[in-house]
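Participant: I need the structure of the sequence given here:
(one chain, ligands or ions: 1)
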Amino acid sequence: MDDPLLAPPMPALDWVSEATACVTRHEHGLLRLEAVAPDILRLRFAPSGRFAAPRPWSPVLELPPAGLSVHEEDGRLWMETERLSARLDLSSGAVSFATPDGRPFAEDLCAPGWREVALEETGLQHLPDTELPPGEARIGVGVRKRMAPDEGYFGFGQRDGRLDRRHRRLTHWTVDRAAPGHGLGEDNLYQAQPTFMAVRPGLTWGLLLNSTWFSGFDVGREYEDVLTLFTLGGELDYYILAGPTPAAVVEQLTRLTGRPLLPPLWALGFHQSRWSYGTDRDVRAIAEGFRERAIPLDAIHLDIDYMDGYRVFTWDRERFPEPAATVTALQALCIRTVTIVDPGVKHDLSAGYSVAESGVAGDYFLRRPDGERFSGWVWPDESLFPDFCSERTRHWWGDLHGSLIELGVDGLWCDMNEPSIVDRPYREPGVTEFPIPLAVRQGDEGEALHAETHNLYGHLMARATWEGLERLRPARRPWVLTRSAFVGTQRWAASWMGDNSARWEDLETSLPQLASLGLCGAPHVGVDIGGFYGHSFGELYGRWIELGAFHPFMRAHAHRDSRPQEPWSFGPEIESVARQAIELRYRLLPYLYTLAHRAHRRGEPWWRPLLFDFPDQADLYAIEDQIMIGPQLMIAPIRAPGLKRRLVELPPGCWYDFRSGARIGVGPAALVMDAPLGAMPVLVRGGSVITLGNVRQSTAEPLGELMLEIYPDDEAEGFWTLIEDDGESFEYQDGALAETDCRIAPLSRGAVFALAARRGDYQPAPRTLILRLHLPEAPAGLMLDETPVEDWRWDAELQAAEVRIDDDGQGHRLVPV
Ligand code: GLC
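Facilitator: Below you'll find the model as predicted:
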């Protein structure tokens, strides 16, 4: 695009409308607007006059098209669905969008523009061997839009820095940022999600840039209040998501890019990792360490040293003489094994390494433009790289996991998949990045250049892994963890944020980072608790694990050169902080698992910024150090050393202290709360029902008790549905679910609690229900189903009336009198 602020006008020569789309013809190019759904419009502009063919590996799903009504009036084309309208100025080619009641947003300042782009302008020129062939691969296309001054801009994928990305230029190119201290100020990281939402009181809308090429957003940095979208690849293609709330935008986005997977229940438990627990003895000692100290644990991760010379899908038989016995020993302690797998396959063709041999025989590895197989260096030294754009290759790769599944491995950890490649063995000095040449062809038909598919390398590796596990073990939900990701990866994998450091700054930046990913449709995220690089220390580890208890994916991990970082490595005080944090995690699982189901159904992130639940409160947009955990809980983490209390902003509504059970105030307000080590503030929103289990050492133990902590609001009715299933299979898709609706009347209407009869075909194991109704003062009595309750107690400390009943799956009504 030409770089004066505005691209030249682009008058329409004529237009045609189809049932679901409208196409205008311009002297230079075609512009097409399509109703993908009543609340989603897609705009494409191809200066060449030809739209790119659909890609078999596109991260965007095809939805059944919706009707679009089109008419011309006053030199403009008006295009409308029930939920959204677009207006194209026929003389300029600029497009604007509006709500059904006529409020404009995402208004173009000019027509789209394009021009040939030099590599230097992308920031990729430092990569050697990046020759792009002439043609569309070099055409940059973009458009500029007006930013409403009161809009906050959120999402934008994995980034460091502030939650609101105004005044930033953000590009999309997955890279390994493993240098110690990756961080503040970096633009590209391991993942790329070219999507955002613009939030202002009364209206949130979203945008997904449908480009896997190098692309970016300038969010009012170059020009104040001007948003620029740009991409290589010769075509501008984006979706407008109508909102009107953040929750609606994430729902629309994940309708387009796929709903987040439903993890097996064990994956929501605590995971312990280190680079590496490198021998059978180490692994068993860690497992026993947890069990002896009664610290709950569900999974141990085996990092690269379990392999024979870092050859993927092999075992080092000296360190792990009988891998099956290692896995079985963990299973006997109810601990799952997760193994790392990197994409680089050792270039080891003469030594009987079957993975390399079968990969070569099937022609599954990338080839350079001259036809030679591409190789670069990773852990196993010279390595070959599968072409995950090819369905054949994905199938082969997925099937390779059979050898791990047979041993009883439960989860797969895909690492180094940006992909991370260097130019010589790591042991030699001066290694630098050695990327796959942009002109490498990928896909079963060789349909795309690596320049187009680079950002999908990790995404498609995760997909191949998930699909392999699904084929190999169809009765059980796969569980995959990935470092690199794109929009849509949430269908197949959880992710972690890569190699952070044991520093307060890294804890701090993780808060907006995870929250931003949730807004991009990726709910299952976490960071290395304690910090990966460097030596963690008691206070930092303690603060991190109390926070990590709320990470959607909760794992502690550390670098091979860092001091031990298990929960007991920092002395008895921190061990007890860690035990309590992990126990709280396990107690919260019935609530968190319901959040996982909600994410699976509607994309709803469980770790989210305040603006997600309070989009009309503009003064809460900037708050990054308070996080909503689902709609009912709010955490206020400690991000710095030495603090014993902190300021907490109360959004509207009444709020309770989760730990003491006491009512603490009505928002909007701010108050100072105590936050001793191990007990950062956790608040409950009035009108909530938090479902808690008993402490278990792993999710394999049945839930003996289900506690319903009931917190009435002053004025508003509360409603919650607990969702349960067998935690392991896909039978929930055929109705093997248990859904229990809870309704809590406000204090002003007597705080009556109604539990509906359980719905669905899943039958939880027998258990006791503990109903705990939090009230300002002790009631004279309680009525359960019209009968006075004899056996109840008032817990003065927690300010709650408690009654225990058998869980019979029937409806019940609890009335304080
Ligand atoms: C990468 C990963 C890290 C892992 C290490 C060794 O740095 O990000 O988690 O421990 O490789 O496999």
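
Participant: any idea which helix is longest in the chain?
Facilitator: Taking DSSP state H as the criterion, the chain has its longest helix at helix 572-602.

Participant: quick check: next helix or strand after that helix?
Facilitator: Following helix 572-602 in sequence order, the next helix or strand is strand 607-609 (DSSP states H and E).

Participant: ok, R169 - how many residues close by?
Facilitator: 16 (other CB atoms under 10 Å). C-beta coordinates here come from the backbone N, C-alpha and C atoms, glycine included.

Participant: contacting residues around the strand or helix carrying it?
Facilitator: Element membership of R169 [criterion: DSSP H and E] is strand 168-172. Strand 168-172 is contacted from outside by 122-123, 156-157, 159, 161, 187-188, 192-194, 209, 211, 214-219, 221-222, 455, using CB atoms under 8 Å, 6 or more residues apart in numbering.

Participant: swap in stretch 391-411?
Facilitator: 56, 266-267, 299, 312-313, 323-324, 327-328, 331, 336-339, 341, 355, 358-359, 362, 364, 386-388, 412, 444, 460-461, 463-465, 467-469, 471-473, 479-481.

Participant: just the buried ones from these?
Facilitator: 266-267, 299, 312-313, 323, 327, 336-339, 341, 355, 359, 364, 386-388, 412, 460-461, 463-465, 467-469, 472, 479-481 (16 or more other CB atoms under 10 Å).

Participant: sitting in helices, which of these do you find?
Facilitator: Short answer: the buried ones among the contacts of stretch 391-411 in helices (DSSP H) are 323, 327, 355, 359, 460-461, 463-465, 467-469, 472.

Participant: which among those residues gets closest to the ligand?
Facilitator: The closest of those to the ligand turns out to be M461 (CB to the nearest ligand atom; 14.1 Å).

Participant: so the closest one makes contact with P343?
Facilitator: Yes - with contact defined as CB atoms under 8 Å, M461 reaches P343; the gap is 5.5 Å.

Participant: who touches both of these two?
Facilitator: Joint contacts of M461 and P343 (CB under 8 Å, 6+ apart) are 386, 388, 414, 417.

Participant: does the third one really touch V341, like I thought?
Facilitator: Yes - under the criterion of CB under 8 Å, C414 is in contact with V341, at a separation of 6.1 Å.

Participant: what touches both of the two?
Facilitator: Shared contacts of C414 and V341, counting by CB under 8 Å, 6+ apart, come down to T465.

Participant: how many neighbours does the residue in the chain that the ligand sits nearest to have?
Facilitator: Per CB to the nearest ligand atom, W275 is where the chain lies closest to the ligand, at 3.5 Å. By the criterion of other CB under 10 Å, W275 has 18 neighbours.

Participant: one more: G781?
Facilitator: Neighbours of G781 (other CB under 10 Å): 13.

Participant: what does stretch 477-484 rub up against?
Facilitator: Here stretch 477-484 has contacts from 174, 190-191, 261-264, 266-267, 338, 410-419, 457-459, 461-462, 465-466, 469-470, 489, 492-496, 498, 553, 728-730, using CB under 8 Å, 6+ apart.

Participant: tell me the buried residues in the helix or strand bottoming out on mean pLDDT in the chain?
Facilitator: Least confident helix or strand of the chain, by mean pLDDT, DSSP states H and E, is helix 119-122 with a mean of 72. Neighbour-count burial for helix 119-122 flags 119, 122 (criterion: 16+ other CB under 10 Å).

Participant: for it, C-alpha coordinates in CSV please.
Facilitator: This file holds the C-alpha atoms of helix 119-122, laid out as CSV (Å, rounded to 0.1, in the frame of the first residue of the first chain):
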residue,chain,number,x,y,z
LEU,A,119,11.5,-8.0,2.7
GLU,A,120,13.2,-5.3,4.7
GLU,A,121,9.8,-3.8,5.5
THR,A,122,8.6,-7.0,7.1
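
Participant: A helix includes A801, no?
Facilitator: No - remark: A801 does not belong to a helix; assigned using DSSP: H, G, I helix; E, B strand; the rest coil, it is strand.

Participant: how about the secondary structure of C334?
Facilitator: Of the three states, C334 takes coil under three-state DSSP.

Participant: list the residues that contact it.
Facilitator: 298, 697-698, 700-701.

Participant: now, of the residues you listed, which are buried?
Facilitator: 298, 697-698, 700.

Participant: now distance to S48, pLDDT and secondary structure too, for these, in CSV please.
Facilitator: Formatted as CSV, those follow (distance: CB to CB, whole Å; pLDDT from 0 to 100; DSSP: H, G, I helix; E, B strand; the rest coil):
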residue, distance to S48, pLDDT, secondary structure
D298, 52, 99, coil
Q697, 61, 98, coil
S698, 57, 98, coil
A700, 58, 97, coil
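
Participant: which among these gets closest to R685?
Facilitator: Among the buried ones among the contacts of C334, D298 lies closest to R685 (CB to CB), at 28.4 Å.

Participant: with adjacent residues omitted, what lies nearest to that closest one?
Facilitator: With sequence-adjacent residues excluded and distances taken as CB to CB, 6 or more residues apart in numbering, D298 is closest to G269, at 2.9 Å.

Participant: hmm, back to that, isn't the residue of the chain closest to the ligand up against H301?
Facilitator: No - taking CB under 8 Å as the definition, W275 is not a contact partner of H301, at 9.2 Å.

Participant: what about the helices in the chain?
Facilitator: Going by DSSP H, the chain shows helices at 119-122, 246-257, 280-292, 323-332, 354-361, 391-400, 402-407, 450-453, 457-472, 504-519, 538-548, 572-602, 610-613.

Participant: want to throw these into CSV with distance to the ligand?
Facilitator: Formatted as CSV, the helices of the chain follow (distance: least, CB to the nearest ligand atom, whole Å):
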stretch, distance to the ligand
helix 119-122, 25
helix 246-257, 24
helix 280-292, 15
helix 323-332, 18
helix 354-361, 18
helix 391-400, 18
helix 402-407, 16
helix 450-453, 22
helix 457-472, 12
helix 504-519, 14
helix 538-548, 15
helix 572-602, 20
helix 610-613, 28
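
Participant: tabulate these (CSV), appending distance to D39.
Facilitator: Output for those, formatted as CSV (distance: least, CB to CB, whole Å):
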stretch, distance to D39
helix 119-122, 33
helix 246-257, 6
helix 280-292, 47
helix 323-332, 46
helix 354-361, 44
helix 391-400, 31
helix 402-407, 40
helix 450-453, 28
helix 457-472, 25
helix 504-519, 17
helix 538-548, 35
helix 572-602, 13
helix 610-613, 18
